[in-house]
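Undergrad: Give me a model of this one.
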Amino acid sequence: MLDETTRYRLLKLLESNPELSQRQLAKELGISLGKVNFCLSALIEKGLLKANNFRNSRNKLAYMYLLTPAGMEEKARVTLHYLKWKMQEYETLRGEIEELRRDAAKLEHEVPV
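TA: Residues are numbered from 1 along each chain as shown. Sure, this is the predicted structure:
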């Protein structure tokens, strides 16, 4: 259930905004609150995240989700994998666009004006 894209986006968000609530994370990621809870629990269980209570918070249920050293290594690994995947996706899309341009140019010459 914790796919590479969600793992990457979640780790990236929490690295820069460790105080985000689960509800805010769900909204940012465009996924359900239940999935965020499941993903955070999985990352905590794997030792990639640590959840700390806010000491000065009025809401005693508020947490900060901090990347552990293993979490930072995992984020680096996932970032490289995500970049390679996106670059491959980009190259595939670029090829499709070039093919569509060639097809459109042929049609332009074949269709009488």
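
Undergrad: what pLDDT, on average, does the helix or strand hosting Lys86 get?
TA: Lys86 belongs to helix 69-110 when assigned by DSSP states H and E. Averaged over helix 69-110, pLDDT sits at 94.

Undergrad: how far does it sit from the chain's center?
TA: 16 Å (C-alpha atoms, centre = their mean, to the nearest Å).

Undergrad: same thing with stretch 7-22?
TA: Remark: stretch 7-22 is offset 9 Å from the chain centroid, using C-alpha atoms, centre = their mean.

Undergrad: So for it, mean pLDDT?
TA: Stretch 7-22 comes out with an average pLDDT of 93.

Undergrad: May I see the buried residues of it?
TA: Arg7, Tyr8, Arg9, Leu10, Leu11, Leu13, Leu14, Pro18, Leu20, Gln22 (16 or more other C-beta atoms under 10 Å). In this view, the C-beta of every residue, glycine as well, is placed from N, C-alpha and C.

Undergrad: Out of the residues you listed, the closest to Ala42 would be?
TA: Using C-beta to C-beta, Arg7 comes nearest to Ala42 of those, at 9.0 Å.

Undergrad: Once you drop chain neighbours, what's closest to the closest one?
TA: Leaving aside its sequence neighbours, Arg7 sits nearest to Val78 (C-beta to C-beta, 6 or more residues apart in numbering; 5.5 Å).

Undergrad: same thing with Lys12?
TA: Using C-beta to C-beta, 6+ apart, the nearest residue to Lys12 is Lys75, at 6.9 Å.

Undergrad: Tell me how far the one you found lies from Leu11.
TA: Lys75 sits 4 Å away from Leu11, going by C-beta to C-beta, to the nearest Å.

Undergrad: which neighbours do those two share?
TA: Shared contacts of Lys75 and Leu11 (C-beta atoms under 8 Å, 6 or more residues apart in numbering): Leu67.

Undergrad: Look at Pro69 and say how many residues are nearby.
TA: For Pro69, the neighbour count with other C-beta atoms under 10 Å is 9.

Undergrad: how close does it sit to Ile31?
TA: Applying C-beta to C-beta, the value for Pro69 to Ile31 is 26 Å.
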